[in-house]
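J.: Quick one, fold the following:
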Amino acid sequence: MSAPSRDNRLTPRAVLTGLLGAALLSVATPVSDFLLNGTWLAACHLPIGVVCVFVALRFAVAPFLARTGKPFSHGEWVVLYAMMLVSAGFSSLGFAAYVVPILAAIPYYATPENDWFAVFSQHLPSWMAPFDERASRSFFEGGDAPVPWALWLRPLAIWTIYALILFWGMLCICVLLRRQWIERERLAFPLVQLPLELLEPIGGRRRGLVLLLGAGVPFLIHAINGLHVYFPSVPGIPLFFDVGAHLNEKPWDIMRPLWVILHFSAVGFVFLLPVDLSFSLWLFYFLFHMQSVAMVVMGLPLGQSTGYATRGFAAYQMAGGILMLAAAAIWRVRTSLGEHFSTAWRGKDDGSEPLSPRGAIVGLGLTFLAVVIAGGIAGIPLWLSFATTLLFLVTMIAMTRMVSESGLLFIQTPFRPTDLLTPVLGTSPMTPRGLAVLNVQEMIFSFDVRSSAMPSVMDAFKLLDTSPLRRRSLVTPMLGASVLAMVVSCATVLLIGQANGAASVSGWFGIGAPQLPFNRLTAQLVNGTSSDLYSVFWMGVGGTLVATLGVLRARFLWFPLHPIGYAMGPSWPMIQLWFSTLLGWAAKSVALRFGGLRTFLRWRPFFLGMVLGEFLAGGFWVVVDFALGKQGHRIFLF
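T.: Below you'll find the model as predicted:
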């Protein structure tokens, strides 16, 4: 029997390269997020840092290996890319960027005015955070003293283990969804298209020249704007315009913020989407604005959404729509789930899945149980821990579906799991201790899901299908890279804070984010929250409309509105990306209208190049800003 080809095997050098890339990003991401307060390298579902490192390996290291006669195979590229992709978010909003500042916040930001210690400190377990005033002060203000590692070791180890359990549960869900989404429904997975394009040989081919031309446009513009930052005499090219600043009269002022921002990468990815989806994304954004105007005219309350830019009535419509999308996704996967359960019951395993069906089902059940029990040990009532865990995972199924199908660079829910329960139950059944623990937990893991690992795991599974590599080969390397990312990035955040003062270098991570959960908790404990049927009504409206849109799309092929567009609504991503989405939709509509599919395929490399060029520009300026000590220079997303 002949030996298996290297393309079909998991090689040590691929794993080692992936670990080195993950470690590099685990340092570079906190440096850019905190120290430079610059472009976020991992705050979207296709992290800029991952693309930049991958390009460096593909076009700087790979030619050298080719000359030695030992080039990386396609399977090896898939492994190392997947390792960096899945682990990147843990270095940013997916874990490290929130867990360290939040755990340090109480002793530093507690004041006689907010009275945090009297209001809720007795409700938080002593092992959850350091609760040491000197350690907190040194993190937020900096100093010459070394990091008090002994104080941080236990709480960070507890939260890291919790994060890994949650990650394993999400990975098991992705395994159970993989066959339906990738093989049967054949979702588009637009965010996978760029790495696949980069793995194709491009030298001397027309497609490669078009790709480079597309990359050159945003790179040149960001280069000019970067020079303008350093040398104001160099004219800048504006990519941001605040339309809302001109809406000063009622009721039109309710549409603020209304920003026109040109994100070349968003335009590029939207060009890949079906036109009904891209059309629905920007159309529903404006329909929600019109709804706001109409409600103001009629004197109806807009509601509240604590911590988010989306107003309450819209946030709860989105919540209902997202839950309905999750329900529809779970319903469509029922046949595949039945096959998995049957295979698991019979004890058969053909090795076609990243985990065995029995392993995925048992793993999901055990991790769900572990998360619920962990919440109970921390002080959350078991029924509440069960409900919030279930709502979080169901929401993540919907968000992963939206990323896999729509290819948006980042998606954010304008709600936490408790935001879905309080309108129905109020806060009194949740107990003060339960609310205290949940506010910390939700701020770390569910306040901002744009760096969540679950969509990246599904993208990695899709990418794996393009190589002959065994699917079982990918899980352990991804898990190892994720553990490494958590440990290295948390240590980096602590070192940056100790050396520079987190409150001095980052307005959000050092000041705003650490106080947000505790200000919300104080309001809940002091004022209380009763049931809110008005918000429940809007959730019902959202769920009903998404279900209706789904039925109409199934009945009428010509129906032009997509439920994902409604579910995205006026969320923070669409506040930033609506204009770029409009441009991408218009470009594809023109291509299809006047040239058909052939023209679309010709233009496709150019628009993928726009993504590449903007991402490389972001990485380039992070390096330059670090070398020159420049802070506050951000070219991509807020």
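J.: CA only for contacts and neighbour counts going forward, please
T.: Noted.
J.: For the stretch 1-150 of the chain, which segments count as strands?
T.: In the stretch 1-150 of the chain, no segments count as strands under DSSP state E, counting those that start in this stretch.
J.: Then the chain?
T.: Ranges of strands in the chain, per DSSP state E, are 240-242, 259-261.
J.: Between those strands, which one is closest to residue 298.
T.: Ranking those by proximity to residue 298 (C-alpha to C-alpha) places strand 259-261 first, at 25.6 Å.
J.: Please name the strands paired to that closest one in the sheet, noting orientation.
T.: Partners of strand 259-261 in the sheet, by DSSP bridges, are strand 240-242 (antiparallel).
J.: Tell me if I'm right that residue 611 and residue 272 touch.
T.: No. If you go by C-alpha atoms under 8 Å, residue 611 and residue 272 don't touch, sitting 11.6 Å apart.
J.: avg pLDDT for the longest helix along the chain?
T.: Determined from DSSP state H, the single longest helix within the chain is helix 572-628. For helix 572-628, mean pLDDT is 95.
J.: packing partners for it?
T.: For helix 572-628, the contact count by 3 or more C-alpha pairs under 8 Å, 6 or more residues apart in numbering; DSSP states H and E identifies helix 48-56, helix 206-230, strand 259-261, helix 264-270, helix 275-298 as packing neighbours.
J.: Which stretch among the ones you listed is buried most, on average?
T.: Sort the helices and strands packed on helix 572-628 by mean neighbour count, taking mean count of other C-alpha atoms under 10 Å, and helix 264-270 sits at the top with a mean of 27.
J.: what sits up against it?
T.: 190-191, 218, 278, 407-409, 577, 580-581, 583-585, 607-615 (C-alpha atoms under 8 Å, 6 or more residues apart in numbering).
J.: again, but for stretch 553-571
T.: 276-286, 288-289, 309-310, 314-315, 317-319, 321-322, 325, 402, 406, 411-414, 542, 546-547, 549-550, 552, 574.
J.: same deal with stretch 471-489?
T.: Among residues not part of stretch 471-489, those counted as contacts by C-alpha under 8 Å, 6+ apart are 9-10, 15, 18-19, 22-23, 25-27, 29-30, 79, 82-84, 86-88, 90-91, 95-96, 160, 164, 351-355, 461, 464.
J.: where exactly do the helices run in the stretch 351-500 of the chain?
T.: Along the stretch 351-500 of the chain, the segments classed as helices by DSSP state H, counting those that start in this stretch run 357-378, 382-406, 417-425, 432-445, 453-464, 475-500.
J.: could you dump those to JSON lines with distance to residue 47, mean pLDDT and mean neighbour count?
T.: Below are the helices of the stretch 351-500 of the chain laid out as JSON lines (distance: least, C-alpha to C-alpha, whole Å; pLDDT from 0 to 100; neighbours: other C-alpha atoms under 10 Å):
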{"stretch": "helix 357-378", "distance to residue 47": "27", "mean pLDDT": "96", "mean neighbour count": "19"}
{"stretch": "helix 382-406", "distance to residue 47": "13", "mean pLDDT": "96", "mean neighbour count": "21"}
{"stretch": "helix 417-425", "distance to residue 47": "25", "mean pLDDT": "95", "mean neighbour count": "19"}
{"stretch": "helix 432-445", "distance to residue 47": "18", "mean pLDDT": "96", "mean neighbour count": "22"}
{"stretch": "helix 453-464", "distance to residue 47": "10", "mean pLDDT": "95", "mean neighbour count": "25"}
{"stretch": "helix 475-500", "distance to residue 47": "14", "mean pLDDT": "96", "mean neighbour count": "22"}
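J.: any chance of those in TSV, with distance to residue 561 too?
T.: Converted to TSV, the helices of the stretch 351-500 of the chain look like this (distance: least, C-alpha to C-alpha, whole Å):
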stretch	distance to residue 561
helix 357-378	34
helix 382-406	13
helix 417-425	26
helix 432-445	31
helix 453-464	24
helix 475-500	37
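J.: quick one, which of those is nearest to residue 116?
T.: Residue 116 sits nearest to helix 432-445 of all the helices of the stretch 351-500 of the chain, at 11.2 Å, using C-alpha to C-alpha.
J.: Let me know the angle separating that closest one from helix 357-378.
T.: 130 degrees (axes from the mean of the first three to the mean of the last three C-alpha atoms, to 10 degrees).
J.: What is helix 432-445 packed up against?
T.: helix 96-109, helix 116-120, helix 513-527.
J.: closest one to residue 300 among those?
T.: Closest of these to residue 300 is helix 513-527, at 23.2 Å (criterion: C-alpha to C-alpha).
J.: which stretches of this structure have low pLDDT?
T.: Low-confidence segments of the chain, defined by pLDDT under 70, are located at 1-8, 202-205.
J.: go again using 50 as the cut-off
T.: Counting by pLDDT under 50, the chain shows low-confidence ranges at 1-5.
J.: which ones are touching the residue nearest to the spatial centre of it?
T.: Centrality entry for the chain: nearest residue to the mean C-alpha point is residue 450, 1.9 Å, by C-alpha atoms, centre = their mean. By C-alpha under 8 Å, 6+ apart, the contact list for residue 450 reads 43, 44, 45, 93, 94, 410, 411, 412.
J.: Grab the nearest non-local neighbour of the second one.
T.: Nearest residue to residue 44, sequence neighbours excluded (C-alpha to C-alpha, 6 or more residues apart in numbering): residue 410, at 4.7 Å.
J.: The first one too?
T.: Beyond its immediate neighbours in the sequence, the residue positioned closest to residue 43 (C-alpha to C-alpha, 6+ apart) is residue 451, lying 5.4 Å away.
J.: Could you check how far that neighbour is from residue 385?
T.: According to C-alpha to C-alpha, to the nearest Å, residue 451 stands 23 Å off from residue 385.
J.: for residue 322, same thing?
T.: As judged by C-alpha to C-alpha, residue 322 and residue 385 stand 21 Å apart.
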